[in-house]
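Colleague: Turn this into a model:
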Amino acid sequence: TQLLESGGGVLRLPPRSDVLPSVLSALALGPTLVVVPTFADVSLLAARLRRTGATVAVVPDDWAAAAGGVDVVVGTRSAAWMPCAGMAAAIVIDEHDEALQEERAPTWHARDVIAERCFRADVPAVYVSPIPTLVAVEELAGPDGPVHPGRERERLHWPHVVVVDRTDEEPWKKSLVTSPLIERIRDPLQRVLCISNTTGRARVLACRTCRALVRCERCDAAVGLADDGRLSCSRCLLQRPPVCQECGGGTFANLRPGVTRLGEELEAAANRPAVVVTGSDDAPPPRSDVYVGTEAALYRVGPVDVVAFLEFDSEMLAPRFRASEQALALLVRAGRLAPTVLIQTFNPDHEVVRAAVESNPDIVLEVERDRRRLLGLPPYAALASVSGGYSDEVISELDRSEVEVGRDGDDRYLVRAKDWTTLGRAINETVRPAGARVRVVVDPPRV
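Modeller: Numbers count the residues shown, from 1 in each chain. All right, here's what the predicted structure looks like:
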């Protein structure tokens with residue numbers, strides 16, 4: 001309430017806290033626009049608001065009611081553009097969630113749309129998140145930073161984090177199914193969800209005889225083992241029998257097992273069935289006490305007792321400048337499903353792990369602030385990716401005195417400027433013939 005009265009800002013609420021009181025505080029000012037990440041969030045929040053006696057329009061289905069006037073207009077990211085008659089305040093729930101970023105061209109972020117819309121309407125906006133992004137903290141928070149509960153109260157609403165330190169293990173010889181994990185999956189009183197973002201049976205293999213990494217004979221990329229037992233290259237799609245090119249051996253060490261193989265290992269270790277959950281399935285997964293899947297399983301499996309990240313280093317150390325924020329977001333999502341989160345890592349001192357253990361997202365925030373200032377990354381600079389058939393021509397027309405250009409792979413350029421106005425002007429001044437294919441993503445989330 002005080003945040004709204006002061007003109008809005010960033011509200012940091014821990015993962016297992018309730019956001020409804022925040023919305024009701026805004027509702028006391030008048031009609032309120034609420035943006036949430038997923039359709040499930042929309043349905044739940046709308047039902048709870050109606051039980052309080054508020055009139056609710058769920059957009060886009062209730063567009064006419066939203067334009068006519070209700071107490072609350074609620075929807076996913078597109079709600080940022082929807083009507084809200086007499087809007088007195090706006091709330092963005094889970095500002096850190098990537099679902100609020102539109103990936104189709106033209107790209108935009110619901111947080112930024114709400115910020116501009118509320119500025120023009122002269123009404124307060126509050127951005128709620130357990131782990132506010134650095135962009136929100138630097139551009140939308142007040143001079144004292146995000147508002148949050150006291151440390152003890154905040155810590156109570158974070159999950160209990162168990163860190164499995166694998167520093168002394170040799171990755172070549174050790175399975176992802178560790179002893180602490182086996183204790184959890186064998187406990188008949190616990191339901192466990194295991195997360196690994198490697199699909200299939202295996203993604204990195206080495207010959208057990210000569211220890212050579214198995215590579216594609218066409219494009220030289222590391223190949224994995226498909227579900228049918230053949231070696232498969234994800235880059236050029238070439239498939240071949242499982243034979244080492246160096247020595248002809250036929251047995252391989254699985255350096256990075258996929259969820260299909262992990263499902264078999266977990267089932268054997270737990271001595272009870274394990275269900276593999278994939279993001280491509282439409283039907284809900286069958287009832288089980290042990291699940292394994294990619295991060296999509298965090299949205300498809302109901303409440304469990306433990307969420308275990310089997311190889312969390314691949315998330316924390318991903319080659320993306322927002323990797324730490326995105327890894328912490330996975331822990332937040334897991335903490336809403338389970339009271340206990342287990343992390344297997346070779347980097348127990350990483351800022352993401354420390355922030356989760358101490359229930360203090362400021363640890364990541366401070367490291368990210370220094371790192372991005374040093375490297376000139378958002379929010380301390382403006383960044384866009386340019387790709388498509390006409391991207392070479394667009395890049396050649398840019399004024400290099402105002403922007404820097406770099407390559408991101410074979411088919412995408414990164415363009416950086418000191419601020420968003422300079423970046424936008426430089427790109428808009430390029431000439432593109434009608435029908436020329438080019439895609440510009442402003443502030444891309446995964447580069």
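
Colleague: pLDDT weak spots in the protein?
Modeller: 170-174, 200-205, 211, 213, 219-222, 234-236, 254-256, 279-282 (pLDDT under 70).

Colleague: Can you identify the element that follows whichever strand or helix holds residue 57 toward the C-terminus?
Modeller: Per DSSP states H and E: residue 57 is located in strand 56-58. Going down the chain from strand 56-58, the next helix or strand is helix 63-68, by DSSP H and E.

Colleague: Next, the buried residues of that next one.
Modeller: For helix 63-68, burial by neighbour count (16 or more other C-beta atoms under 10 Å) applies to 65-66. All C-beta spots, glycine's among them, are computed from the backbone N, C-alpha and C.

Colleague: helices or strands up against it?
Modeller: Applying 3 or more C-beta pairs under 8 Å, 6 or more residues apart in numbering; DSSP states H and E, one finds that helix 63-68 makes contact with strand 56-58.

Colleague: now with 7 Å?
Modeller: On a contact count with 3 or more C-beta pairs under 7 Å, 6 or more residues apart in numbering; DSSP states H and E, helix 63-68 meets no helix or strand.

Colleague: what element comes up after that helix heading to the C-terminus?
Modeller: Heading C-terminal from helix 63-68 (DSSP H and E), you reach strand 72-75.

Colleague: List the strands paired with that following strand, with their directions.
Modeller: With DSSP bridges as the test, strand 72-75 is paired with strand 32-35 (parallel), strand 56-58 (parallel).

Colleague: what's in contact with the shortest one?
Modeller: Surrounding strand 56-58, the residues in contact under the criterion C-beta atoms under 7 Å, 6 or more residues apart in numbering are 42, 46, 49-50, 65-66, 70-75.

Colleague: Are any of those residues buried, and if so which?
Modeller: 42, 46, 49, 65-66, 70-75.

Colleague: ok, of the contacts of strand 56-58, which one's closest to residue 335?
Modeller: Proximity of the contacts of strand 56-58 to residue 335 (C-beta to C-beta) peaks at residue 42, which lies at 21.2 Å.

Colleague: Touching, the closest one and residue 74? I think so.
Modeller: Yes - under the criterion of C-beta atoms under 7 Å, residue 42 makes contact with residue 74 at 5.8 Å.

Colleague: What helices and strands are in contact with the strand or helix carrying residue 11?
Modeller: Residue 11 belongs to strand 8-12 when assigned by DSSP H and E. Under the contact definition 3+ C-beta pairs under 7 Å, 6+ apart, strand 8-12 sits against strand 125-129.

Colleague: Any idea how far the following helix or strand past the strand it packs on is from the middle of the chain?
Modeller: Downstream of strand 125-129, the next assigned helix or strand under DSSP H and E is helix 134-139. Distance of helix 134-139 from the chain centroid (C-alpha atoms, centre = their mean, to the nearest Å) equals 17 Å.

Colleague: Name the residues that touch helix 134-139?
Modeller: Contacts for helix 134-139 (C-beta under 7 Å, 6+ apart): 10, 95, 111, 127, 145-146, 365, 368-369, 372, 378-379.

Colleague: Tell me the buried residues in it?
Modeller: Result for helix 134-139 [16+ other C-beta under 10 Å]: buried residues 134-138.

Colleague: in the next helix or strand after that helix, what counts as buried?
Modeller: Using DSSP H and E, the helix or strand that follows helix 134-139 in sequence is helix 151-156. Using 16+ other C-beta under 10 Å as the test for burial, helix 151-156 gives residue 154.
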